[in-house]
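> Dropping the sequence and predicted coords here.
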Amino acid sequence: MKAEDRVRELLVLQEEGALPPLEATELEDLLAGDPAAARALVEHYILTAEFETELAAAQDNRVPLASISPIRPSVPRPVEAPGHGREYVKSGRRRQAAFAAVLLAAAGVLVFVGKGGGLSRRSSEVVSGASLRTAQQGKAALAGSVMLRERRGDVQIVTPMGRRPVEVGAALAAGVVLDVGGDGFALLELEDGTRVSLDPLSVFSLATPSVPSADGLTRRTARLDRGRLQASVSPQRPGHLLVFTTPQARVTVLGTELTVAIDDQRTRVSVLHGRVLFEDLNDGTTLTLGAGQDAQSGVPATARDAASDSSGPGSRDAAGTAVSFWDFEDGVLPPDFNLGQITSAAARPGSRYAIIATLYPLAGSALVLGCQSSVVLVRYSETAGVSFDYWLAREGTFIVVQLRNRAQEQNYQFRIKDPDHERWTHVELRLSDFKAVADRTKRWEPGEGIDGVHLVGGMVGGGPFYADNLKLWGAQ
Amino acid sequence: MQLNSPDRTVEPRSRMFIRHQRMLKSFIRSLVPHLNDAEDILQEVGVLILAGKGDEVDPGHFSAWARGVARNLVLHHRRAWRRKQALPTTRYMDMVEAAFSQADSEEEIWNERRDALAICMESIAVHERDLLTKRYVGALTSDAIASEQGRSAVAVRVALLRLRRSLLRCVERRLTVVEGHS
């Protein structure tokens, strides 16, 4: 048998996670020894990916709306609108999907976005035949539009011609504003299977899909101006994005599960699982939020449970110098630290805790720790500096200290080329020795704020990189 | 390396992401047995790229860079996944990376093969489509399909293998015909 044929046999087992250890080794040996076998692997997984994409799309197009499998809800369960007693559940195909959840909460506005056609009914609440037919007809006829799947109480569409009630099964043209009254509730379905439920006192509209913009992406925008919504977003086609906007924020999803909430002043996002792109429209801040992270428009992005921690690192000494200092001795990751974990593994006399660098996908094979604050930590002056203690395993060949210049919106770096290994070492650096990374013609200017500090070192798969007693000082 | 640096390269990178998205998904699938985990990784890569974070990327090296990001994310999630699925060894990951790296130089060929595959899939029999749908959309294992259909798991895997071979032959035929006409 040819090597590539054997590889194909083994891959059928491997992609099910059913490849025994001996055969796994055989597969590796075959791939190592024969380019045709390696090509067969690429071909196999291209087929797999195409099967999953094409067949899923075909299936979604022919599944009747009422045949979505009623399945018990999984966590996170979205908040229910009071009174309508509905249970939101995931379809069979997507039940296994990993969850991503973002909670936004303030002034009664909530958006919930889910992977797959996740909003369904209990089996005892099957859509009536009449409304199902209407729904199916509506779905088939109205690409690019949104359909009202359910309503209770006062639900009206608002157009330049005035207001009028809207009935279940009606197709709503893109751009039409839907106004849900104080006793109302509406469940909408987009043509891609995405479903959005609107709670009382909500005002919602959906734009037509944009033409591809300069970045080649087609964006569709759903806007919530008032109220609260929950949504379950189907995986978007390649090159397509669904964007939820509020007066203060924009959340971009590629097909995931999340919740979002906003009010007149602020938008708060909490990610339970997965990642989303969150943009604060007040200051242009863009954040990628992962599981367990919060973001709120106009205030620092912080880790969950740390948002209410008001004890920041900043202080001023008697001479008027601003100092940010972290010794990690409370055993808790400081709120603005987006990379690294607190550990007691490196305890030593006088210090119970340190911070250990962790994997960061965009840092290549190096490990990273550090913080990114939404406020200025210190300001540059001729005497400004940074110091820290570190312990670096022998695999690490360098340490890069990176500071973010907020005014210039770029990073400055200093590279320690020959670091000590496997012993605690103290370092003090002057900020004037740091070099700009993006625009190398730039130099620090007095008074420019620093809002981030990161240390990069060590190696993925190697020993640890610890740091402690991280201190930044400069002008106030 | 830059962290939280200004977003200077998001547009070209997003275009590159679109161009390489399907191949990248195939790469991720080869490392992650569960479709939904693979989709999450793909999505995370996409979000990172859209966020414009990380180094500027040479377009010629984008696909290798994106695979590196994906691989790191797989490693990142490894501990959580270990409970539910067998995970590839470092050696296997290296082999996969080498295989897809080689494929980078044949991007057009793979695109043509993918297009031909889409046409070939339209001609498969209903029961074959149902089998593929159960396995790749329903995410049923061969064992689960076998017990549902009252046959052995080996028979299901053989059927899947034959169907794959049949589709690959169809792809070869179509490409041969196209080349013959050109």
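Perfect, thanks for sending it.
> From here on, just use CA atoms for contacts and neighbour counts.
Will do.
> Helices of the chain, residue ranges please.
Unless you meant another one, I'm taking chain A. A:3-14, A:21-33, A:35-50, A:56-62, A:92-95, A:129-141 (DSSP state H).
> Switch to chain B, please.
Under DSSP H, chain B gives helices at B:10-31, B:35-51, B:62-82, B:90-104, B:107-121, B:126-136, B:142-149, B:153-181.
> what residues are up against the closest residue to A:Ile450 other than its chain neighbours?
Spatially, and ignoring its direct neighbours in sequence, A:Ile450 is nearest to A:Asn405 (4.9 Å; CA to CA, 6 or more residues apart in numbering or on different chains). With contact set as CA atoms under 8 Å, 6 or more residues apart in numbering or on different chains, A:Asn405 has these partners: A:411-412, A:448-452.
> Looking at these, which is nearest chain B?
Proximity of these to chain B (CA to the nearest CA) peaks at A:Asn411, which lies at 6.3 Å.
> how near is that closest one to A:Leu229?
To A:Leu229, A:Asn411 is 39 Å away according to CA to CA, to the nearest Å.
> again with A:Thr245
For A:Thr245, the distance to A:Leu229 - CA to CA - is 12 Å.
> So for the two, which sits in the more crowded spot?
A count of neighbours by other CA atoms under 10 Å in any protein chain shown puts A:Leu229 above the other of A:Thr245 and A:Leu229, at 29 against 19.
> in the chain, which ranges drop under the pLDDT threshold?
Here I'm looking at chain A. Applying pLDDT under 70 to chain A flags residues A:57-145, A:159-162, A:174-175, A:208-217, A:231, A:235-239, A:253-276, A:282-321, A:361-365, A:461.
> Can you look at chain B instead?
B:1-12, B:50-57, B:59, B:79-86, B:177-182.
> From the centroid of it, which residue is nearest?
Against the mean C-alpha coordinate of chain B, by CA atoms, centre = their mean, the closest residue is B:Ser26 at 1.0 Å.
> Kindly provide the distance from that residue to chain A.
5 Å (CA to the nearest CA, to the nearest Å).
> Domains of chain A: list them as residue ranges, please.
A:3-62, A:68-303, A:314-474 (automatic domain parsing).
> just chain B next, same as before
B:10-105, B:108-181.
> Would you mind measuring from B:Asp143 to chain A?
10 Å.
> ok, now B:Leu35?
8 Å.
> I figured A:Gly169 hits A:Leu148, correct?
Yes: counting by CA atoms under 8 Å, A:Gly169 does reach A:Leu148; the two are 5.4 Å apart.
> To A:Val323, which of the domains of chain B lies closest?
domain B:10-105 (27.9 Å; CA to CA).
> who's in contact with the closest residue to A:Gly370 other than its chain neighbours?
With sequence-adjacent residues excluded and distances taken as CA to CA, 6+ apart, A:Gly370 is closest to A:His454, at 4.0 Å. Taking CA under 8 Å, 6+ apart, we find A:His454 in contact with A:368-371, A:401-403, B:3.
> and which of these is nearest to B:Leu160?
A:Val368 (44.0 Å).
> Now for A:His44, how many residues are close by?
Neighbour number of A:His44 under other CA under 10 Å is 22.
> That one: what's it in contact with?
So A:His44 contacts A:8, A:11 (CA under 8 Å, 6+ apart).
> how much space between it and A:Ala438?
Counting by CA to CA, the gap from A:His44 to A:Ala438 is 41 Å.
> measure the residue lying closest to A:Arg394 once chain neighbours are set aside to B:Arg114 for me?
In space, and not counting its chain neighbours, A:Arg394 is closest to A:His421: 5.4 Å by CA to CA, 6+ apart. In this view, A:His421 and B:Arg114 are 50 Å apart by CA to CA.
> roughly how far apart are the residue lying closest to A:Phe465 once chain neighbours are set aside and A:Cys371?
Distances taken as CA to CA, 6+ apart put A:Leu392 closest to A:Phe465, at 4.6 Å, once the chain neighbours are dropped. A:Leu392 is 19 Å from A:Cys371, where distance means CA to CA.
> which of those two has more neighbours?
A count of neighbours by other CA under 10 Å puts A:Leu392 above the other of A:Leu392 and A:Cys371, at 25 against 20.
> Make sure the more buried one is actually in contact with A:His421.
Yes: using CA under 8 Å, A:Leu392 is in contact with A:His421, at 5.1 Å.
> Report the two of the contacts of A:His454 separated the most.
A:Val368 and A:Leu403 (13.0 Å).
> hmm, back to that, OK, contacts around the residue nearest to A:Arg394?
A:391-394, A:396.
> neighbours of residue 28, just the number please.
Looking at chain A here, since you left the chain open. Quick note: A:Glu28 (other CA under 10 Å) scores 20 neighbours.
> Switch to chain B, please.
26.
> Give the closest residue to it in space, chain neighbours not counted.
Closest to B:Ile28 by CA to CA, 6+ apart is B:Ala38, at 5.8 Å.
> Okay, that neighbour and A:Tyr45: tell me how far apart.
12 Å.
> And A:Gly463, by the same measure?
From A:Gly463 to A:Tyr45 the distance is 34 Å (CA to CA).
> of those two, who's got more company?
Neighbours per residue (other CA under 10 Å) separate A:Gly463 from A:Tyr45, with A:Tyr45 holding more: 22 against 14.
> shouldn't that one be in contact with B:Leu31?
No: with contacts counted by CA under 8 Å, A:Tyr45 stays clear of B:Leu31, the gap being 9.8 Å.
> Break down the stretch 301-450 of chain A into its strands, ranges please.
Secondary structure of the stretch 301-450 of chain A (DSSP state E, counting those that start in this stretch): strands located at A:314-316, A:322-326, A:337-339, A:341-343, A:354-356, A:358-359, A:367-372, A:378-379, A:385-392, A:399-405, A:410-416, A:425-430, A:435-436, A:449-457.
> quick one, which of those strands is packed in tightest?
strand A:354-356 (a mean of 29; mean count of other CA atoms under 10 Å in any protein chain shown).
> pretty sure B:Arg13 contacts B:Val47?
No: with contact defined as CA under 8 Å, B:Arg13 does not reach B:Val47; the gap is 11.3 Å.
> give the contact list for B:Glu97.
B:Glu97 neighbours (CA under 8 Å, 6+ apart): B:27, B:67.
> now it: how far from A:Ala32?
In terms of CA to CA, B:Glu97 sits 11 Å off from A:Ala32.
> For A:Arg226, which residues count as its bridge partners?
A:Val203 (DSSP bridges).
> can you tell me which residues contact A:Gly331?
With CA under 8 Å, 6+ apart, A:Gly331 has these contacts: A:342-344, A:353.
> ok, it to A:Ala354 distance?
On the measure of CA to CA, A:Gly331 and A:Ala354 end up 8 Å apart.
> Report how many residues lie close to the residue nearest to B:Ile28.
B:Ala38, neighbours per other CA under 10 Å, totals 23.
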